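Undergrad: Provided below for reference: sequence and predicted model.
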Amino acid sequence: MSRTIKFAKAGGPEVLEFVDTEVRAPGPNEVRIDVKAIGINRAESMWRLDDYIEPVKFPAGLGYEAAGIVNAVGSDVSGIAVGDEVNIIPSFSMNDYGTYGEVIIAPDYAVVKHPKSLSFAEAASVWMMFVTAYGALIEDAKVGKGDFVIIPAASSSVGLAAIQIANYAGATTIALTRTSAKREHLLEAGAAHVIATEETDLVKEVARITDGKGARVAFDPVGGPALSKLLAALSFNGTVYLYGLLSPEVTALPVLDMIAKVTSVKAHNIWMTSGDATRRKAAVDYVLKGLESGALKPIIDRQFTFDEIVDAHRYLEKNGQFGKIVVTL
């Protein structure tokens with residue numbers, strides 16, 4: 001038996017319930033895992049609200065990331081054995097699988113070997129943030145030396161991962177935050193420049209930093225009215241990767257300005273990378289090398305126990321964290 005988190009209707013954190021569940025044997029291409037830590041993501045909050053990229057099928061489970069120990073494998077699984085320490089990489093629908101449980105089933109393609117240098121809590125925090133940033137910045141934009149990359153919501157887990165990924169590739173990072181309160185933390189986290197958008201003119205400051213050229217890439221989870229400012233801060237033929245919509249306001253596009261500078265807005269999600277076997281392997285290899293070299297490091301804001309998972313969701317929705325929220329078992 002396993003205590004598993006389920007919810008029967010959309011709503012706030014209070015709809016999450018502990019349910020005693022008998023976990024079945026894994027199917028031919030599945031793995032059963034004793035969970036030691038769970039990474040908490042914005043996507044799961046949106047899923048709980050039934051406001052995500054696909055509709056929820058109730059009653060529902062949730063969760064994209066976990067770290068733990070294999071206790072059973074399916075008949076067709078290779079390269080994974082009972083007793084292995086493993087992580088779950090987001091690469092499935094939460095209508096099919098979830099990680100919020102003491103014992104879980106996961107598809108074998110989503111299971112990766114646990115990085116030896118990391119604790120279970122650290123490992124549960126890395127895959128969503130680093131692979132999401134990798135997909136846009138490395139796989140698609142191919143950022144490198146000489147490129148400037150603007151990173152809104154830079155103190156989020158994916159924002160911090162984007163700073164590290166861009167730095168690892170040799171680009172220059174410009175972290176955005178609303179006020180100066182987190183400036184020093186962002187500089188310590190590796191940001192080359194920090195702009196407090198409520199205190200400074202974003203477009204003018206980016207122009208100053210880039211000697212008037214603008215940034216080639218912006219990696220944005222916010223959207224809303226600020227998107228037009230990001231577009232104005234880009235270089236000729238620059239691109240905004242939009243991977244979230246934290247702003248509740250309308251996202252308008254300055255089409256004529258975009259035509260004049262030949263700028264682009266590209267929608268981005270982790271599935272472009274994690275949903276393809278070849279791309280997924282390349283991303284995992286890239287992240288593992290970065291972790292081994294020390295160029296990529298998990299940043300955990302706060303840990304909760306499994307019994308406190310509702311509080312973890314409440315904390316997530318306050319939007320005040322600096323890094324990842326993790327639940328330990």
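TA: All right, it came through fine. Numbers count the residues shown, from 1 in each chain.
Undergrad: how about the residue nearest to A233 when sequence neighbours are not counted, phi and psi?
TA: The shortest distance from A233 to any non-neighbouring residue, by C-beta to C-beta, 6 or more residues apart in numbering, is to V206 (4.0 Å). In short, each C-beta sits where N, CA and C put it, glycine included. V206 has phi and psi values of phi -70, psi -40 when expressed as degrees, to the nearest 10.
Undergrad: how many neighbours does V206 have?
TA: V206 sits with 27 neighbouring residues when counted by other C-beta atoms under 10 Å.
Undergrad: got a pLDDT number for it?
TA: As predicted, V206 sits at a pLDDT of 98.
Undergrad: residue contacts, it?
TA: 148, 150, 174, 195, 214-215, 233 (C-beta atoms under 8 Å, 6 or more residues apart in numbering).
Undergrad: Same check on A252?
TA: Per C-beta under 8 Å, 6+ apart, neighbours of A252: 225, 227-228.
Undergrad: What is the nearest of the residues you listed to P26?
TA: The nearest member of those to P26, counting by C-beta to C-beta, is L227 at 43.4 Å.
Undergrad: pretty sure that closest one is in a helix, no?
TA: Yes: assigned with DSSP: H, G, I helix; E, B strand; the rest coil, L227 falls within a helix.
Undergrad: Against Y241, how distant is it?
TA: 11 Å (C-beta to C-beta, to the nearest Å).
Undergrad: And the helices in the stretch 1-150 of the chain?
TA: 42-48, 120-134 (DSSP state H, counting those that start in this stretch).
Undergrad: Just send the ones you listed back as TSV, with distance to E249, mean neighbour count and mean pLDDT too.
TA: TSV is the format used below for the helices of the stretch 1-150 of the chain (distance: least, C-beta to C-beta, whole Å; neighbours: other C-beta atoms under 10 Å; pLDDT from 0 to 100):
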stretch	distance to E249	mean neighbour count	mean pLDDT
helix 42-48	17	21	95
helix 120-134	23	27	98
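Undergrad: Distance check, the spatially closest residue to A124 that is not a sequence neighbour against V111.
TA: Distances taken as C-beta to C-beta, 6+ apart put A37 closest to A124, at 3.8 Å, once the chain neighbours are dropped. According to C-beta to C-beta, A37 stands 15 Å off from V111.
Undergrad: same deal with L187?
TA: L187 is 36 Å from V111, by C-beta to C-beta.
Undergrad: out of these two, which sits in the busier spot?
TA: With neighbours defined as other C-beta under 10 Å, L187 and V111 compare such that V111 has more, 23 against 13.
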